[in-house]
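Novice: turn this into a structure:
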Amino acid sequence: RVLETIARRVAALDDLDAVHTYFASDPMVAKIRRTADELRELGDPVRAEELDGRLKAARQEAGRALRDRTELYADGGSVIKLGRHRFAVNTQPFDLTL
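Specialist: Reported below is the predicted structural model:
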């Protein structure tokens with residue numbers, strides 16, 4: 001559950017430096033690392049490696065998603081660019097009219 005929260009929070013970040021800073025300074029990330037260290041001390045390296053692996057995967061996925069977002073969107077997210085084509089993004093909420 002904590003890893004899902006970390007992934008959700010990181011998805012909202014707009015900059016690769018912010019992602020790195022989050023993983024370096026967030027208390028929940030530190031808690032996961034402490035738990036993995038405690039598991040190693042208690043003699044359960046398999047679960048510790050699983051936690052470390054899932055944390056590393058969350059960090060890599062955040063970097064990939066951010067890179068994809070920056071390559072796909074232009075002008076602060078108001079335009080999608082596909083090759084040399086550009087498409088406007090509608091950010092207005094949908095309204096129902098009869």
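
Novice: wouldn't residue 47 be in contact with residue 39 here?
Specialist: Yes - counting by Cβ atoms under 8 Å, residue 47 does reach residue 39; the two are 5.1 Å apart. C-beta: built from backbone N, CA, C; applies to glycine.

Novice: who has more neighbours, the two?
Specialist: residue 39 (18 against 13; other Cβ atoms under 10 Å).

Novice: so how far is residue 33 from the more buried one?
Specialist: According to Cβ to Cβ, to the nearest Å, residue 39 stands 11 Å off from residue 33.

Novice: what's the least confident helix or strand in this protein, going by average pLDDT?
Specialist: One helix or strand of the chain scores below all others by mean pLDDT, DSSP states H and E: strand 73-74, with a mean of 77.

Novice: can you tell me what sits against the helix or strand hosting residue 28?
Specialist: Take DSSP states H and E as the rule and residue 28 turns out to sit in helix 27-41. Helix 27-41 is contacted by residues 2-3, 5-6, 22-23, 45, 47-49, 51-52, 55 when judged by Cβ atoms under 8 Å, 6 or more residues apart in numbering.

Novice: can you name the two of these that are farthest apart?
Specialist: Greatest spatial distance in the contacts of helix 27-41: 22 and 45, 26.4 Å, computed using Cβ to Cβ.
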